[in-house]
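Chemist: The amino acid sequence is not available; the structure is as follows:
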């Protein structure tokens, strides 16, 4: 593989594009409009700064500590400061943008779909793409919640379709969950695993479909439990977070993690469960949805907007955005 197309330039789409370009691949990002291109360019500029800041930190004694090292940028033994800085500059300069879907995928070896978590939007995209894709192209979805088997038939190539799911802050939380469905051919499954390793990810193969993959299968019920305690009036935000962090040694509680993930994303996930009858639902999804909607309408989207369940100052935004999820993931795997 050499030519990679990213569909969508949101938080993760931009990160996937930058990381892939950083690792030497030809990257094209497809976006709906020129306005979307401008927004994505701004995200990529911020990523350039974040990569540079982390590389500078990694070049110090403090940066060589376990919690500060970014394995997505370089492994410890082969770290070359000048080479890493050069690759950041080249990645930023070399990423291409297209608003013509056909042009964006005409030479693609791999297409990574990173659109919003909306089934109809993804379905329409795959239907349009199915007539335009070269025969060689493997297609993957980065969806956090949708099973690849539900989308596969719309791609026109179910045997070449699977899921490739990344964690936020990809340069530091360098996991890539690679999940096949029952029609995915092994050779394409293995090619995607190989690609994940080539962009400095720890590839986590999942050979049987599971909504939420590995990480989110554990993380989402945890976040639901925190929200459920709040909306049912059991306790307040800070107490719930402290019960978890002080009781287990975890770096962040559920509401601190929700602020990092973003309340819009959390709301989209909760919406998938609100139609479950109350007597069958394990959590109070209707109250959870109403609470998240209220926060979103007030512009409280989480860390990205400066306020969610908590308020954040500039220094927090610069530092915590990079490390919150990383610390949680590292703690979780170490603990269990």
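Modeler: Yes, it's here. A quick note: this is a predicted structure, and the numbers were derived from the prediction, not measured.

Chemist: contacting residues for the closest residue to residue 75 other than its chain neighbours?
Modeler: Residue nearest to residue 75 in three dimensions, not counting chain neighbours: residue 200, with 7.7 Å by C-beta to C-beta, 6 or more residues apart in numbering. All C-beta atoms are positioned from the backbone trio N, CA, C, and that covers glycine. Applying C-beta atoms under 8 Å, 6 or more residues apart in numbering, we find residue 200 in contact with 19, 23, 71, 72, 73, 74, 75, 174.

Chemist: Residue 200 and residue 52, how far apart?
Modeler: Look at residue 200 and residue 52: by C-beta to C-beta, to the nearest Å, they are 17 Å apart.

Chemist: next one: residue 177
Modeler: Distance, residue 177 to residue 52, by C-beta to C-beta: 28 Å.

Chemist: Settle it for me: which of those two has more neighbours?
Modeler: It is residue 177, of residue 177 and residue 52, that has more neighbours when counted by other C-beta atoms under 10 Å, with 25 against 15.

Chemist: Apart from its neighbours in sequence, what residue is nearest residue 30?
Modeler: residue 104 (3.8 Å).

Chemist: Pretty sure that neighbour sits against residue 32.
Modeler: No: using C-beta atoms under 8 Å, residue 104 is not in contact with residue 32, being 11.3 Å away.

Chemist: hmm, back to that, identify the farthest-apart pair in the contacts of residue 200.
Modeler: 19 and 75 (14.5 Å; C-beta to C-beta).

Chemist: Which one's more surrounded, those two?
Modeler: Higher neighbour count among residue 19 and residue 75: residue 19, with 24 against 12, using other C-beta under 10 Å.

Chemist: what sits against that one?
Modeler: 72, 170, 171, 199, 200.

Chemist: Just the closest of those to residue 139, please.
Modeler: residue 199 (17.0 Å).

Chemist: burial of that closest one, as a residue count?
Modeler: When neighbours are defined as other C-beta under 10 Å, residue 199 has 21 of them.
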